[in-house]
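**Q** Let's see this in three dimensions:
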Amino acid sequence: MAVRKRVVAVVAVASSVVLLGAGAGSASPYRSGDWATWSRDAAGSRYAAGEWRITPHNVGGLTLKWAFAFPRSAAPVRSQPAVVDGTMFFGGPDGKFYARDARTGAERWTTDLSGVAPGARPAIVWDSPSVSGGRVYFGDLRGYVYSLDQRTGRVVWAEQVDAHPAATVTSSPIVHDGKVYVGTSSGENANNSADGSTDDPNYPCCTFRGHIDALDARTGELVWRHYTVPEPQAVGTWPSGATRYEPSGAGVWSSPVVDPRSGTVYVGTGQNYTGSAGDFDTMLALDHRTGAVKWRNQVTEADTWRGLCNSPDPSGFCPGLQDGSALDYDIGATPNLFTAGGRRLVGVGQKLGVYHAFDAATGEVVWRRQLGVPWPSGGIGGIQWGSSFDGRRLYVATYFAFPGTLFALDPATGRVLWETPNPADGCTTGGAAAHPEVCTLGHGPAVTGSPGLVWEGSNDGKLRAYSARDGRVLWTYDTVRDFTGVNGLPGRGGAISGGGGGTVVADGMVYVQAGYSPEYPNPNGGDVLLAFGR
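**A** Next up is the predicted model:
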């Protein structure tokens, strides 16, 4: 097991200890308008069922209410906010975590994470928070998971769940039954270096292995861990002479979901970095109390990929290119739990472009639907981060799929009910029109739903609201423009944030991060968080 570092805040007043600990991880009576976790609920619906102010009839009247501009940073914005009881919680690429008034953007509190647990890498928040029991839970670039006091921003604990120098937490935590469930992945394979910062064929790749953890919500202590691959072993050398390790990889990139009725945690995994063993490209069903595997379904039989597979001369560094198994077909999306056709199903999208629906109790495949274009050794033609379920339909978007397309599916059969391609004028209108070398028609973010509406952003810098009934575009906002943040900083939008994020709809407001890859020129400021209302 990797060495873990733990930081616990010292709370001087005894009564505060009781307050901070009371109810941590327990169910909270959130208002129907709240969006308290990445997928909004434990089932992964990404559906704002209680929204009534914004409808298909008045969505065209949405206007920008405020913007928050981040300091200029080499890292893109990607921490989708949580909104609970009128306060918004989100992390920035500047090593800070913010609480802001959800209506006005006024500051509630700000916590600087850089001094909490100093390390070689910056404390960038790459996932999205979950708010539960008076605490705010999230992870960072360095492999730490945090628990902050919801009212004050005080750090209650900070647990390093993996000490590997390239480990990172992009998985957004889900809180249930007093435990925080969160996955860990890494950038070790993407840039082929210890910290994921440079291409280096002399690096002894690879030693990271993915895992999903259950942490005690009150203390941060590890309750159980499921590793996705066996421990890497030295098995020879690379052409450069560097030591070669395998198996490795199978990171957990996305947020898990939980079925309280069956006590099951569902989560998908990524591809191998080296070797061919383990739970790679797999949907896992785990016992929520012990982490024991209830069932597993591996959707790709061979998939070993590292960044050097895309180099001009990868000979010897990417054996999978010869046999066609260097695919990069992660399950990077969060699952959806739903009932359809009288069966409890768990579905998930894959970078292959397929949406899979399994029997939630057995793992048996119920249906599959190919929606995206498979791209070997790149895996970006498919489904990236997450889909939405409104009780009647599934809404799924594809990324680079010539063009990316938004689909509505029958949840019982996978039949396509409607499909709307990324509008063809996305790169010839608005701010993107000045940057044809940057703009692409693809959907990086997860899909979001609210009654009668589906929300999706694009690499063309536009956030769109679609009719849930027929897929018509009802509202568009171009973010590739300059903004002045309520925090006094200049900012500029861009590609709508992928990397784990999407639109949040809460209490008659709509929130989105803008400034993700591909990067539009931004000479004057940083990325932005935008808030819309009527």
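**Q** from what I can see Trp66 touches Thr104, true?
**A** Yes. Using C-beta atoms under 8 Å, Trp66 makes contact with Thr104 at a distance of 6.4 Å. For every residue, glycine as well, the C-beta is placed using N, CA and C.
**Q** Which one's more surrounded, those two?
**A** Trp66 (22 against 12; other C-beta atoms under 10 Å).
**Q** got the contact list for that one?
**A** Thr104, Gly105, Val486, Ala531 (C-beta atoms under 8 Å, 6 or more residues apart in numbering).
**Q** Thr55 too?
**A** Neighbouring residues of Thr55 by C-beta under 8 Å, 6+ apart: Pro451, Gly452, Leu453.
**Q** do you know how far it is from Val229?
**A** Distance, Thr55 to Val229, by C-beta to C-beta, to the nearest Å: 47 Å.
**Q** can you map out the helices along this structure?
**A** Along the chain, counting by DSSP state H, helices occupy 14-21, 188-191, 320-323.
**Q** just flag whichever of these has the lowest average confidence.
**A** Among those, helix 14-21 carries the lowest mean pLDDT, a mean of 25.
**Q** Per-residue pLDDT of Ile331, please?
**A** pLDDT, Ile331: 96.
**Q** again with Gly324
**A** At Gly324, pLDDT is 89.
**Q** Can you tell me, leaving aside adjacent residues, what's nearest to it?
**A** Of all residues not flanking Gly324 in the chain, Pro376 sits nearest, at 6.9 Å (C-beta to C-beta, 6 or more residues apart in numbering).
**Q** if I pick that neighbour, what's in contact with it?
**A** Per C-beta under 8 Å, 6+ apart, neighbours of Pro376: Gly324, Ala326, Leu327, Asp328.
**Q** next one: Cys427
**A** Counting by C-beta under 8 Å, 6+ apart, Cys427 touches Ala433, Pro436, Cys439, Thr440, Leu441, Asp460.
**Q** Can you tell me which of those is closest to Glu188?
**A** For the contacts of Cys427, the residue nearest Glu188 by C-beta to C-beta is Thr440; the value is 27.0 Å.
**Q** are any of the contacts of Trp66 buried, and which?
**A** When the contacts of Trp66 are checked for burial by 16 or more other C-beta atoms under 10 Å, the buried set is Gly105, Val486, Ala531.
**Q** show me the residues around Ala433 that make contact.
**A** By C-beta under 8 Å, 6+ apart, the contact list for Ala433 reads Cys427, Cys439.
**Q** start the count at 742, not 1, going forward
**A** In the new numbering, first residue 742, that becomes Ala1174.
**Q** Distance-wise, check it relative to Tyr1261.
**A** Using C-beta to C-beta, Ala1174 is found at 11 Å from Tyr1261.
**Q** and what of Ala810?
**A** Taken as C-beta to C-beta, the span from Ala810 to Tyr1261 is 15 Å.
**Q** top of the contacts of Thr796 by neighbour count?
**A** Within the contacts of Thr796, most neighbours by other C-beta under 10 Å means Leu1194, with 25 neighbours.
**Q** Show me what that one is bridged to.
**A** Ser1191, Ser1208 (DSSP bridges).
**Q** in terms of contact, does Phe809 touch Gly1229 like I think?
**A** No. Counting by C-beta under 8 Å, Phe809 sits too far from Gly1229 to count as a contact (10.2 Å).
**Q** Let me see the mean pLDDT of stretch 1196-1209.
**A** Averaged across stretch 1196-1209, the pLDDT comes to 98.
**Q** gap between the two ends of that stretch?
**A** Using C-alpha to C-alpha, to the nearest Å, the end-to-end distance of stretch 1196-1209 comes to 9 Å.
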